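>>> sequence first, then the predicted structure:
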Amino acid sequence: MGIDGISIWQLLIILLLVVVLFGTGKLRRVGTDMGHAIRGFKRGLRGDGEESSATQQEVSSDTNDGRKGKARKAASAERK
């Protein structure tokens with residue numbers, strides 16, 4: 001028996017269904033995003049008042065990925 005009457009086999013079936021529905025790529029991105037969020041939360045708890053250049057580069061690289069980066073590039077191209 002596993003957690004509150006759920007066996008290990010039932011947990012494995014649920015995990016398999018999640019992988020089939022979302023795919024490994026989407027799950028990997030969700031995991032990466034969660035890691036960045038937790039890291040940022042820990043930095044906030046420490047009270048880092050000023051961000052280091054490494055943190056600023058990390059944030060800028062995050063915003064350049066995906067739709068936000070494409071929208072930002074398109075908006076800057078329209079301004080020129």
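Here it is on my side, so go on.
>>> in which helix or strand would I find residue 37?
helix 8-46 (DSSP states H and E).
>>> who does that helix touch, helix- and strand-wise?
Contact here means 3 or more C-beta pairs under 8 Å, 6 or more residues apart in numbering; DSSP states H and E; on that basis helix 8-46 packs against helix 53-64. For every residue, glycine as well, the C-beta is placed using N, CA and C.
>>> what's the spacing between residue 27 and residue 7?
23 Å (C-beta to C-beta, to the nearest Å).
>>> ditto for residue 23
Distance from residue 23 to residue 7, by C-beta to C-beta: 26 Å.
>>> for residue 18, same thing?
As judged by C-beta to C-beta, residue 18 and residue 7 stand 17 Å apart.
>>> with residue 41 instead?
Noted for residue 41: a distance of 34 Å to residue 7, by C-beta to C-beta.
>>> so who does residue 30 touch?
Under the criterion of C-beta atoms under 8 Å, 6 or more residues apart in numbering, residue 30 has no contact partners.
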